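[1] I'd like to go over a predicted model; first the sequence, then the structure.
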Amino acid sequence: MTGYKIGEEDSYGIKLSKTLVKVFCVAFFVVLFLCFMVIPCINTIAKVFTADESDPMAVIKFFLAGNMPKYVFNSLKLAVLLTITVNVVGISIVLLTEYFDIKGAKILRLGYMTTLIYSGVALVTGYLFLYDNDGMLTAWLSKLFPGMNKQWFSGFWAVLFTMTFACTSNHALFLRNGIRSIDYNTVEAARNLGARPFKVLFRVVFPTLLPTLFSLTVMTFITGLCAMSAPTLLGYDSINPEIVRLAGSSVADEAFPQARAALLSVILAMFTILLLTVLSSYERKGHYLSVSKTKAKLQKQKITNPVANVLAHIYAYVLFVIYMTPVVMIVLFAFQNYPAIRSKALDLKGWTFINFFGSQDFEYMTNRGKLKLREGAISGLFSNADTVGGIRLSFILSAIAAALACVIVVVVVNYIFKNKGKKRSVALEYCMLLPWLLPTVLICYSYRIFYNSSTWFSIGLGGNTLLNADFNLYYRENVRFLIVMAYTVVKLPFALRMIKAAFYAIDEELEDAARNLGAGPLVTFLRVKLPIVLPSVLAVFALNFNSLFTEYDMSATFHSSYGKSYAMVIQNMCFEEGREGYNVNATGRRCASTVFIMVVSGLILYLVYGVGARDLGDRLALREKRRKRLQKLTGVFRRKAAQAEEEA
Amino acid sequence: MIELRDIYVRFGDFEALHGINVEVKEGEFFTFLGPSGCGKTTTLRTITGFIEPAAGNVFVNGHDITRVPIEKRNIGIVFQSYALFPSMTVYNNIAFGLKIQKLPHKEIDRKVKDIARKVDLSDEQLAKAVSQLSGGQQQRVAIARALVTDPAIICMDEPLSNLDAKLRVQLRNELKAMQKQFGITTIYVTHDQEEALTLSDRIAVFNKGYIEQIGTPNEIYNYSKTEFVCNFIGDINPLSGPLAEKLQLGSDKKHFIRLERLRVNRPDENSQMCLDGVIESVEYYGLYLKYYIDVDGCRLKAVEKNDGISIYEPGQRVKVSMHPRDIMSYPVSQEA
């Protein structure tokens, strides 16, 4: 039996390196917080009051006197109506697939969940493919009604329609989980006490879902308020597109463009802060908690009234058609040749991979009736230099930003857990959550105007400049750095919430056990804690990457020839195809892009929720299963070989 | 072996331990017993080094280890949740401490396999993830991991509390056998009196940051020094009011008697005290019966062996007798 061992003091070198690491970390977080969260935003607010040197209120007066309130009103109108329509459709799809007994619910669920892999700018362009002036449905409708307005799918109602179906992903995830966690015994108890099925739904089921519904409503409202891609592509005057337009405008064209953009983004921030405050105070009130110790699984409710049952089925399948038609059409046309896409008519002999790979020459007739050939004008997604450039840039920037956000948050959360309850850890956590309160466009716009100068940061003392950053970050390739920083900062709150939850799941005794077995803090972190949270960290990385890869709002704000991301390339694909060989096959590439995005998103979701959800036990069991299968297979071959040998 | 001398632990303004003094002998199975929040785990964590005492010292073999870092104390711990690393296989869990010590690969392998054999873990189980093992097997892994580094002492913090009743009894026996096999000094924390009585060589009963009594299971149960210990260990009948008057017990003290010391309709020549009562209700436990007896408006509880013959029905008149030496008396001022 051995005795105790007296500890040794850390050497001077180790102490020094620890101090250096601490100093670096503190400096990094101070720079991150001040330079990429606080100062640019304060600068934006200051812009509102400093645009006119003679009158600090000039911009606000101009704002109120002109047509600017229209943008705020339009955004609010969209947000309010969107909360209604998204809740109606979102609740419907969850009830139809999880609560009521609807035939084919599994297929319906798949259809309703397509928005998980098909969203954002891809979804909007998908809808345009069907509904815009030369869209499939428009062409079909105009044959039926020759006098109809071909531009029917634009403006407010088009945005509302598109966003309604685009924003039900959260309902499909969170409300579904909420309804699945209901204890069926409570439903049975209500029925036993004489309540009719719809009474049970409204008096027993809905009240337990109210907290989730409230959160979803607030998030939908914010989404509506900050909408960017749908209003831009479908033509609706709301706040965000106007900010981007003003940001690209100059004083020569109109009065106070930058200051007005700043004011709009500040208004957006105020609304967001107000809503999130309401949400967090509501969440603090607490939720309905199930007191059941032995929960019964929810069983689907039959709609006993035959008329209601038929109507419910019709409603379910109409929704399914709305969700699925753009997806199916886009997938089909992604594999159709150029003439089929141009005429928006399926050609069963026209299947091709040209929209993805390779190129073809394009022959067209000029106005003078001459045939001309443009070599390689029809090019696939991965053969078109512009598209490949966008994909490559988005891939690199998204990967860097998603990884950076994860690394920052892992370090922060580890620090928070080590200093639980201390003021400095609480302060650090709030700093990391700050971007949650700021609309994305405010952050991006603030970067754009703050760093768009040759001297954006200087500390002077007694007339001498001590520290001076004299390079424009919004100039040429530098903008890519700003994009990465914006992507990272915007994703910090989400990463923090998710990774913090993963750290909460670590049994505190594991750390004690590792220390007891002789492991230092770094070894404990690397070998015990990190492997446990790694699946969650990778999941956050994958989800962040997925959303950033086709991100539109930030890309539009930073749009320049050096920062042309994939989303902007997709947007350009929506422009009308040139008759003389310019932008040829853009629609085909658009369809192929959507398929590509769906494949990437699907793969990421599979990796996160399929492979990533497996623990070591599952992985070992799977490995064992594979080994046995392989053994069985090689056994069969060996037996056959032995048989053949015997026969020979 | 281990000595705690005047240990005080404070969390802010709250004093969790108020001068704890304990001596644990080499090879002893020593249990800290007490209700939740009494300071037993705090004392254990002070020994293991997770808590630094505000005052007092911890000695091991005469050496003061109060300020020695956790990883250098050479104390193995079996945690309440077992704290097995979920991202590692059983083998890697056991080998973790040895790898930290940077032992040669062959020696690690030898030691892991050796300890695994001793705690009855097969090579197949070593290759599994901890989540693939049953509760009992996980406990064995936790013990193996704690023992593999050859610690001088092993501390166990309620290692059976997460298991169901049947498995708890089974593992309790295995634990005791293993402790005897390894002969290692063991400190065991529990709030379960039955566990403490069956496992321990000696027990320290904790209450509100103090130790009420240290003794063998027999001393603790039959010769409880304080009213708290008497109340906490086993079930008791308070003999107060009309009962105390009838039995002519002094009013300057509180008097108690254990259930099994009451004799229902079984007077013998040594039973000098006898009371008339009526059976109020009966609880059937299989091995024994528990009677609730009304004696002059006071309720007494008594247990009798289930012999299948002398079973009394509610309403039946019975005689309840006891021996004066079985009555435990404590000063009135003592807090229960």
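    Everything's here; your move.
[2] Could you tell me which residues make contact with the nearest residue to B:Tyr210 once chain neighbours are set aside?
    Leaving aside its chain neighbours, B:Tyr210 sits nearest to B:His18 (5.7 Å; criterion: C-beta to C-beta, 6 or more residues apart in numbering or on different chains). C-beta here means a position set from N, CA and C on the backbone, and glycine is covered the same way. Residues in contact with B:His18, defined by C-beta atoms under 8 Å, 6 or more residues apart in numbering or on different chains, are B:8, B:209-210.
[3] For B:His18, which three-state class applies?
    strand (DSSP: H, G, I helix; E, B strand; the rest coil).
[4] For it, list each beta-bridge partner.
    B:Tyr8 (DSSP bridges).
[5] which other residues reach the lowest-mean-pLDDT helix or strand in chain B?
    Every helix and strand of chain B was ranked by mean pLDDT, DSSP states H and E. The lowest is helix B:165-182, at a mean of 82. For helix B:165-182, the external contacting residues (C-beta under 8 Å, 6+ apart) are B:29, B:118-119, B:135-136, B:139-140, B:143, B:147, B:156, B:159-160, B:163, B:186, B:195, B:198-199.
[6] Please pick the buried ones from those residues.
    B:29, B:118-119, B:139-140, B:143, B:147, B:156, B:159-160, B:163, B:186, B:195, B:199 (16 or more other C-beta atoms under 10 Å in any protein chain shown).
[7] quick one: which of the residues you listed sit in helices?
    Among the buried ones among the contacts of helix B:165-182, the residues falling in helices (DSSP state H) are B:118, B:139-140, B:143, B:147, B:195, B:199.
[8] Columns pLDDT and distance to A:Ile532 on top of these, output as CSV?
    Listed next are these as CSV, based on pLDDT from 0 to 100; distance: C-beta to C-beta, whole Å:
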residue, pLDDT, distance to A:Ile532
B:Lys118, 85, 29
B:Gln139, 86, 21
B:Arg140, 87, 22
B:Ile143, 88, 22
B:Leu147, 88, 24
B:Glu195, 91, 31
B:Leu199, 91, 32
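[9] which of these sit farthest apart?
    B:Lys118 and B:Glu195 (22.8 Å; C-beta to C-beta).
[10] Excluding chain neighbours, what is closest to A:Ala296?
    A:Tyr184 (4.0 Å).
[11] interface residues of the stretch 401-550 of chain A facing chain B?
    Counting by C-beta under 8 Å from any C-beta of the partner chain, the residues of the stretch 401-550 of chain A close to chain B are A:507, A:509-510, A:512-520, A:523, A:527-528, A:531-532, A:534.
[12] Repeat the analysis, applying 10 Å as the threshold.
    A:505-520, A:523-524, A:527-535 (C-beta under 10 Å from any C-beta of the partner chain).
[13] quick one: contacts for B:Ile187?
    B:2, B:22, B:24, B:28-32, B:40, B:43-44, B:47-48, B:75, B:77, B:153-157, B:204 (C-beta atoms under 10 Å, 6 or more residues apart in numbering or on different chains).
[14] So which of those residues reach chain A?
    B:48, B:75, B:77, B:153, B:155, B:157.
[15] who wins for neighbours among those?
    B:Ile77 (30 neighbours; other C-beta atoms under 10 Å in any protein chain shown).
[16] if I look at that residue, how far off is B:Cys155?
    Per C-beta to C-beta, to the nearest Å, B:Ile77 is found 5 Å from B:Cys155.
[17] again with B:Thr41
    B:Thr41 is 10 Å from B:Cys155, by C-beta to C-beta.
[18] on that earlier part again, shared neighbours of B:Ile77 and B:Cys155, which are they?
    A:516, B:44-45, B:47-48, B:146, B:187.
[19] Of the residues you listed, which belong to strands?
    In this view, these that belong to strands under DSSP state E are B:Ile187.
[20] farthest pair in the shared contacts of B:Ile77 and B:Cys155?
    Once C-beta to C-beta is applied, the shared contacts of B:Ile77 and B:Cys155 give B:Arg45 and B:Ala146 as the farthest pair, at 15.2 Å.
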